[in-house]
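K.L.:
Dropping the sequence and predicted coords here.
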Amino acid sequence: HAHTHAHTMPKAANGTVDTRGIRKGATSSGTARKFIKKQAASKQVKTLHPNSRKAARLQRGVLRQDKLTLVKRHVDKKKLKHGERLLWFQDALTPGKEVYAYAEICEMIQHYIARNDEELQAIKEETEMRGRPPTGGRGDLLLATKKAESEELRVGFKLPDFRIAKIVKQFSDWELELNLIPRFNTGLFKVVD
């Protein structure tokens, strides 16, 4: 016949269960874990030796967290930049128009690339009035952006495919939620000079 052994817990004077000396996880109620957490919380914070394994582990954790924060910030900046681009195209759509031809989309992209031309012209005129060569700054940034976007149009400008009525409708109704950007079916649009 089978014997069942009842595990009895030692009782303290006040009737509570004394869990000292019991392995972690030995009770089903988790009293040992609670006891250990309380003991750890009540102890004073110890000063770690800078070369100890624990200090190294903590340092690795801090460095990893910093790296993750940097990556997240970079991803967020990229998403935001992409969102700003899409916002421009959302504003450029003609209300009530259901689909666009390939040539219309390429023309819209060319208008997007030329969006800063007036500001570039104003910067150029201002530097000519001073009689000095441009010293960089905003003008150089705008020129570099225009050059990169022109090259992107030459090799393939990624944009929601406005040739599909469903995409135009979704995109028109889009409320600038950056997490919904991947839902739009995209196409590559090229203009070769």
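P.N.:
Arrived safely, thanks for sending. Keep in mind that this is a model prediction, so the values were computed, not measured.
K.L.:
Give the rounded mean pLDDT of the longest helix anywhere in the chain.
P.N.:
Longest helix in the chain, counting residues (DSSP state H): helix 53-92. For helix 53-92, the mean pLDDT works out to 83.
K.L.:
what comes up buried for the helix or strand that comes right after it?
P.N.:
Downstream of helix 53-92, the first helix or strand assigned by DSSP states H and E is helix 102-113. Within helix 102-113, the residues that count as buried by 16 or more other Cβ atoms under 10 Å are Ile105, Cys106, Met108, Ile109, Tyr112, Ile113. Every C-beta, even on glycine, is put in place using the N, C-alpha and C of the backbone.
K.L.:
who's in contact with stretch 109-125?
P.N.:
Residues outside stretch 109-125 that contact it (Cβ atoms under 8 Å, 6 or more residues apart in numbering): 85, 88-89, 92, 134, 138-139, 142-143, 145-146, 149-150, 153, 157, 159, 189, 191.
K.L.:
Those in helices, which ones?
P.N.:
Going by DSSP H, the helices hold 85, 88-89, 92, 138-139, 142-143, 145-146, 149-150, 153 from these.
K.L.:
got the angle between the longest helix of the chain and helix 102-113?
P.N.:
Per axes from the mean of the first three to the mean of the last three Cα atoms, to 10 degrees, the angle that helix 53-92 makes with helix 102-113 is 120 degrees.
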